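> Mind looking at a prediction? Sequence and model below.
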Amino acid sequence: MRHDFDVVIAGGGLNGPTLALALAGAGLSVAVVDPRRVDDRAGDTFDGRAYALALASVRLLSALSLWPELAGESQPILQVKASQGRPGEGAAPFFLHFDSAEIEEGPVGHMLEDRFLYRALIGAMEGRVTHLPGLAVTAQEPGPHGIAVTLSDGRQIAARLLVGADGRGSGVAARAGIRRQGWDYGQTALVAVVDHDLPHQGIAHQYFMATGPLAILPLPGNRSSVVWSETRVNAAAIAALEDDAFLSVLRPRFGDFLGPIALAGPRFAYPLSLSLAERYAAPRVALIGDAAHGVHPIAGQGLNLGLRDVAALAEAVVEAARRGEDIGSPLVLERYQGWRRADATALALGMDAVNRLFATDNPVISALRGAGMGLVSALPGLRRGFMRQAAGLSIHPMPRLLAGRPL
């Protein structure tokens, strides 16, 4: 079978281009097919998306020579403070406190806006990866020696492997017969950036309230990203408010610890659900990112999980290629699935459990969960273990890219 590329990646958000760069850096020929155009993804203004990149994700970007360009746009997360709260009353004293000074590796993560990361990926792909924006994968036909991929312009290309990086509604997964399980949380995330008078000191705050968690995440300067999860009904009403009225509802929940706050850009709303693929691999197909696992944003781990997939799949494919194996064979894809599926599923269900645990005002449960989190905070060894997990340093075996080493 004639192959136009070693790997075709459906989906051009963040995970797809990152995987493409990792594979291309090891000598494989890669195409990224993206239904959206570059200008639609890389605007000049904040579009509501900012990510808490775990330390392991930063190391991956360093291994791909991307981080030096991005570091100046990022904000280190030096501490994380979690507390319980009640709507309209702000947060209670924090019961869980992570300080990056307790681990030797540095900040547990960095905040970075989507637009900066995407631009860096697009720039790095130029001349190294075939980028096909404005096109979608509409059909796929796996065979014993490769997979035929049909594009929305009628073109057909062939590859050894097709990777689905096309989100929760993955067409690649559906056409491969991969079913999904999950549920709607009945919550919507209201996302905005606020300016504030006082410095945030690199501290990320997470307030757990019965109607949903509220995250206040530090950005460069006196700015913070707000990810405010509310019940679907409440969120619809709040999202419909004018900016001043929106702030009047947010302020009592946000608190006054950063001084007066003001909106620094547009507001956005995203419905929240859990979506888990039953398999991460099918004949000549692998899934990464939200195509494999769409999770609750409660711990900011969505992109980090996707980058773990990228690191594991890239290593499995590159090592297979160097051994002369067929990179799209069931044996290679099973290695990838075995490496990633249990870890990603456990983390997704863990975040689901935390969301459910805090989604109640029951005073008995509230006291028990506060005591449990206080115990974690009080025991240094356990606390550092949680911090290392959040930083992505507890993965075993650790993919080389997540350790900051090239393939």
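Arrived safely.
> Pick out the residue nearest the middle of this structure.
Of all residues in the chain, the one closest to the mean position by Cα atoms, centre = their mean is residue 303, 1.4 Å from it.
> Report the helix or strand with the lowest average pLDDT across the chain.
Ranked by mean pLDDT, DSSP states H and E, the weakest helix or strand in the chain is strand 90-91, scoring a mean of 53.
> hang on, residue 166 packs against residue 172?
Yes: Residue 166 is in contact with residue 172 according to Cβ atoms under 8 Å; the separation is 5.7 Å. Heads up, the C-betas are built off the backbone N, CA and C, glycines and all.
> for residue 51, what are its contacts?
Residues in contact with residue 51 (Cβ atoms under 8 Å, 6 or more residues apart in numbering) are 111, 112, 113, 114, 117, 300, 302, 303, 304.
> element containing it?
Using DSSP states H and E, residue 51 sits in strand 50-54.
> Next SSE downstream of that strand?
Next along the chain after strand 50-54, taking DSSP H and E as the criterion, comes helix 55-63.
> So for residue 166 and residue 172, which sits in the more crowded spot?
A direct count of neighbours by other Cβ atoms under 10 Å for residue 166 and residue 172 places residue 166 higher, at 28 against 25.
> what's the nearest residue to the more buried one if we skip its chain neighbours?
Spatial nearest neighbour of residue 166, chain neighbours left out: residue 11 (3.8 Å); criterion: Cβ to Cβ, 6 or more residues apart in numbering.
> Who are the contact partners of that neighbour?
Residues in contact with residue 11 (Cβ under 8 Å, 6+ apart) are 32, 33, 34, 163, 164, 165, 166, 167, 170, 289, 291.
> neighbouring contacts of the helix or strand encompassing the second one?
Yep, that's residue 33 we're talking about. Using DSSP H and E, residue 33 sits within strand 30-34. Here strand 30-34 makes contact (Cβ under 8 Å, 6+ apart) with 4-13, 16-17, 20, 23-24, 125, 129-137, 149, 151, 157, 159.
> Which neighbouring elements make contact with the following helix or strand past that strand?
Per DSSP H and E, strand 30-34 leads on to helix 38-41 as the next helix or strand towards the C-terminus. Judged by 3 or more Cβ pairs under 8 Å, 6 or more residues apart in numbering; DSSP states H and E, helix 38-41 has no packing partners among the helices and strands.
> Could you report the neighbour count for the residue nearest to residue 122 when sequence neighbours are not counted?
Nearest residue to residue 122 in three dimensions, chain neighbours excluded: residue 38, at 6.1 Å (Cβ to Cβ, 6+ apart). Neighbours of residue 38 under the rule other Cβ under 10 Å: 14.
> In the stretch 1-150 of the chain, mark out all the strands, start to finish.
For the stretch 1-150 of the chain, the strands defined by DSSP state E, counting those that start in this stretch occupy 5-10, 30-34, 50-54, 75-77, 79-86, 90-91, 96-99, 109-113, 130-133, 137-142, 147-151.
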